[in-house]
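Visitor: My questions concern the predicted model and sequence given below.
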Amino acid sequence: METFQSLLAKKLSDALKAADLPDAGELTPATDSRFGDYQTNAALVLAKQRGENPRAVAEKIVAHFDADDLCEPPGVAGPGFINFALRPGAVGEKTMEVLGDERLGVTETESPRRIVIDFGSPNAAKPMHVGHIRSTLLGDALARIAQFLGHEVIRDNHIGDWGTQFGMVIWGWKNLLDRQALQRNPLAEIVRIYKETNHRASNDSGVREACRQELIRLQAGDKENLDIWNECVAFSMQDFEHTYKLLDIHYDIQCGESFYHDRLPGVVERLLKGGIAEISEGAVVVFFRDVPELADKPLIIRKRDGGFNYATTDIATIDYRVNDLKADAIWYVVGAPQTLHFKQ
């Protein structure tokens with residue numbers, strides 16, 4: 001189904017040919033509706049090329065333009081813009097044509113791509129907040145639109161299910177857990193023990209170190225800690241799925257950060273071998289010496305104690321999406337605070 005813009009563009013091309021002028025400029029939606037629905041800068045472009053008065057060139061184009069029943073006779077404005085106002089009858093006819101089309105006039109793309117859309121991405125052992133809901137709704141809308149246009153869409157919920165918070169959750173689980181409260185409201189009890197542990201760790205170096213050791217044991221594959229972690233993640237996923245069901249949201253894959261844990265050493269090794277990363281004070285770091293805005297913001301991909309962080313996981317995630325999922329494009333639906341992370 002042809003749009004008004006494409007129909008007007010064809011008529012403009014015919015007018016230029018009739019006026020013995022080459023195609024030039026663009027026909028775009030009007031920047032100010034007071035002057036019409038569409039406009040073109042063709043006369044301005046041609047006048048500059050030919051050393052002529054742009055308004056005179058515009059008048060010449062208008063004289064050869066066949067408006068037919070599509071629009072009112074075009075007008076010349078300002079230094080030489082040509083404005084087009086659609087006729088109400090033409091708009092009515094097109095509206096009925098669109099309503100009679102099951103795709104509402106939207107054609108499928110001629111170049112379909114495989115697109116991974118990363119949206120939602122809540123953190124396990126924590127309740128979703130409004131930022132996650134915003135990302136979820138926007139990401140779902142983008143996924144539906146891209147799919148409607150004919151792209152192959154992979155919806156990915158990149159759950160934050162690995163990291164330092166689990167050292168605190170596991171310590172709290174072992175020392176503070178109220179089993180009855182866990183049965184009544186699992187996520188609320190997990191959040192309570194996390195907050196209480198975090199408070200204690202802030203004031204007690206012994207608790208802080210104990211939490212760090214619990215995390216190390218988890219990352220090393222300790223069975224008890226893995227069992228606690230699995231139970232926490234399962235409770236979180238139940239809570240998330242309840243929300244997704246209410247919002248009619250579904251994902252194709254839900255590869256949390258833990259999914260990439262075994263890939264992280266390889267990521268660091270490749271960056272070191274490629275000369276992208278270097279060892280600095282015991283840590284593996286990527287410096288951006290040639291990028292002024294990032295020159296004082298290095299990216300740590302392996303900490304001094306051998307631990308990895310979100311940046312390492314995100315690089316492994318990109319590697320998986322490009323090489324395993326064969327994505328042509330990756331769309332991230334995140335908040336503005338993530339700007340620095342993506343620049344790095």
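Guide: Received, thanks. Numbering: from 1, shown residues only.
Visitor: Outline the domain layout of the protein.
Guide: With automatic domain parsing as the criterion, the domains of the chain are listed as 4-99, 165-343.
Visitor: Quick one: end-to-end length of the shortest one, please.
Guide: Between the opening and closing residues of domain 4-99 lies a distance of 15 Å (CA to CA, to the nearest Å).
Visitor: The longest one now?
Guide: Domain 165-343 has its terminal residues 25 Å apart, counting by CA to CA.
Visitor: picking up where we left off before, same list as before, the domains of the chain that is, but in CSV and with distance to residue 138, mean neighbour count and mean pLDDT included.
Guide: C-beta here means a position set from N, CA and C on the backbone, and glycine is covered the same way. CSV is the format used below for these (distance: least, CB to CB, whole Å; neighbours: other CB atoms under 10 Å; pLDDT from 0 to 100):
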stretch, distance to residue 138, mean neighbour count, mean pLDDT
domain 4-99, 24, 16, 94
domain 165-343, 5, 16, 94
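Visitor: Of all these, which one is nearest residue 151?
Guide: domain 165-343 (8.5 Å; CB to CB).
Visitor: just checking, what packs against the one helix or strand residue 202 maps to?
Guide: Mapping residue 202 onto the secondary structure by DSSP states H and E places it in helix 186-203. Contact here means 3 or more CB pairs under 8 Å, 6 or more residues apart in numbering; DSSP states H and E; on that basis helix 186-203 packs against helix 165-175, helix 179-184, helix 205-219, helix 223-247.
Visitor: residue contacts, residue 334?
Guide: Residue 334 makes contacts with 118, 121, 135, 342, as judged by CB atoms under 8 Å, 6 or more residues apart in numbering.
Visitor: Does the third one touch residue 119 like I think?
Guide: Yes - shown here, residue 135 and residue 119 form a contact pair, counting by CB atoms under 8 Å, at 5.0 Å.
Visitor: Those two: which has the busier surroundings?
Guide: Counting neighbours by other CB atoms under 10 Å for residue 135 and for residue 119 shows that residue 119 has the greater number, 25 against 20.
Visitor: So the more buried one is in contact with residue 141, correct?
Guide: No - in this structure residue 119 lies outside contact range of residue 141 using CB under 8 Å: 9.4 Å.
Visitor: Which phi and psi values does residue 28 adopt?
Guide: Here the main-chain torsion angles of residue 28 (degrees, to the nearest 10) amount to phi -130, psi 160.
Visitor: Run through the bridge partners of it.
Guide: Using DSSP bridges, the beta-bridge partners of residue 28 come out as residue 39.
Visitor: What separation is there between it and residue 98?
Guide: The spacing between residue 28 and residue 98, counted by CB to CB, to the nearest Å, is 21 Å.
Visitor: what's the answer for residue 105, then?
Guide: Residue 105 sits 4 Å away from residue 98, going by CB to CB.
Visitor: Give the residues shared as contacts by the two.
Guide: Common neighbours of residue 105 and residue 98 (criterion: CB under 8 Å, 6+ apart): residue 1.
Visitor: How far off centre is stretch 296-303?
Guide: 23 Å (CA atoms, centre = their mean, to the nearest Å).
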